[in-house]
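# From the sequence below, what's the structure:
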Amino acid sequence: MQGIVAGGVAVVTGASSGLGRRFAHILADQGAAVALLARRTDRLQAEADAINARGGKAVALALDVSDAHAIGPVLDQVQAALGPISIMINNAGVGGEGRSLDITPEDFDAAFAVNVRGLFFGAREAARRMIENGRAQAGEARIINIASIASQKVLPGLTTYCGTKAAAAHMTKGMALEWARHGIAVNAICPGYIETEINSEWFASEGGKKQIQGLPRRRLGQEGDLDAALLMLAGPGARGMTGSLITVDDGQSL
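You can find the predicted model right below:
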């Protein structure tokens, strides 16, 4: 299959729904073999089957990214099934909702375990394999972290979430600097409010509708809005980019 990322092997965490699902399908449509990773394996397998049915190549594997020790072995399974990893999309994330006076230590730790630890060790384990498998030396290694405009802008009632995404953005720059000599491009996408199945009920409520009216264009972003940024960073377009944070938010951070 020909496409922007033809010949690549991509890993997408949090791929059972929402943005992760979209990323997996777009990468597959553009020629990459794709490993879909998430905790919900029933939904994952259905998505992998859909990709394979239309001529792509995909596998579904269970992974809870908060278990840092599980990430490396799962990536080894990916390489055994699909070949040397060249693209890592660290998309898995949780909300961390709750005002600072109210959030529990358990919810705080859970948000950082997925959004920060999971992202860091996902990137680290992928980078190790990209160096070992030759993708880095060939200039084909791409790590894309999914951050948020919450890394740049304070969102009311989401202090913990904002903290995790600020960490993700800054770690992206640190990884980019450390791994530049290996030939690995590390960048991040910072989406604004995107309509997904997870938040659709809230945005259909009166409170959600009021929030939408407060946005510059009075509308939510759509999952497809990130396609161009994803493919640019995953493909040859990222040759001269590392340590970049690409904001795709329809002006919501203004």
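
# What degree of burial does Leu226 show, as a neighbour count?
As a burial measure, Leu226 scores 20 neighbours (other CB atoms under 10 Å). (Glycine included, C-beta is placed from N, CA and C.)

# got a pLDDT number for the nearest residue to it once chain neighbours are set aside?
Nearest residue to Leu226 in three dimensions, chain neighbours excluded: Val248, at 5.5 Å (CB to CB, 6 or more residues apart in numbering). We have a pLDDT of 98 for Val248.

# Return the residues in contact with Val248.
Residues in contact with Val248 (CB atoms under 8 Å, 6 or more residues apart in numbering) are Ile189, Cys190, Pro191, Gly192, Gly221, Asp225, Leu226, Ala229.

# what would the residues you listed look like in TSV with secondary structure, distance to Thr172 and pLDDT?
Output for the contacts of Val248, formatted as TSV (DSSP: H, G, I helix; E, B strand; the rest coil; distance: CB to CB, whole Å; pLDDT from 0 to 100):
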residue	secondary structure	distance to Thr172	pLDDT
Ile189	strand	10	99
Cys190	strand	10	98
Pro191	strand	14	97
Gly192	coil	18	95
Gly221	strand	20	92
Asp225	helix	20	97
Leu226	helix	16	98
Ala229	helix	14	98
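
# Count the neighbours of Gly235 for me.
21.

# what's the neighbour count on the nearest residue to Ile194 once chain neighbours are set aside?
Ranked by CB to CB, 6+ apart and with sequence neighbours excluded, the top spatial neighbour of Ile194 is Gly221, at 4.4 Å. Residues lying near Gly221 (other CB under 10 Å) number 19.

# quick one, what contacts Gly221?
Pro191, Gly192, Tyr193, Ile194, Glu195, Val248, Asp249, Asp250, Gln252.

# Distance check, the last one against Met241.
This means Gln252. Taking CB to CB, to the nearest Å as the measure, Gln252 falls 23 Å from Met241.

# Show me which of the two is the more surrounded one.
Set Gln252 next to Met241 and count neighbours by other CB under 10 Å: Gln252 wins out with 20 against 15.

# Tell me which helix or strand the more buried one sits in.
Using DSSP states H and E, Gln252 sits in no helix or strand.

# Which stretches in the stretch 1-150 of the chain count as helices?
In the stretch 1-150 of the chain, the helices defined using DSSP state H, counting those that start in this stretch lie at 18-29, 41-53, 68-82, 105-112, 119-133.

# Skipping its backbone neighbours, what lies nearest Val74 in space?
Spatial nearest neighbour of Val74, excluding adjacent residues (CB to CB, 6+ apart): Leu63 at 4.8 Å.

# ok, the one you found to Val78 distance?
With distances taken as CB to CB, Leu63 is found 10 Å from Val78.

# Asp109 now?
28 Å.

# Then Asp29?
For Asp29, the distance to Val78 - CB to CB - is 19 Å.

# Repeat that for Lys57.
The gap separating Lys57 from Val78 is 12 Å, by CB to CB.

# Between those two, which is the more surrounded one?
Comparing Lys57 with Val78 by other CB under 10 Å, the one with more neighbours is Val78, at 26 against 18.

# Does the more buried one touch Ala60 like I think?
No: with contact defined as CB atoms under 8 Å, Val78 does not reach Ala60; the gap is 10.6 Å.
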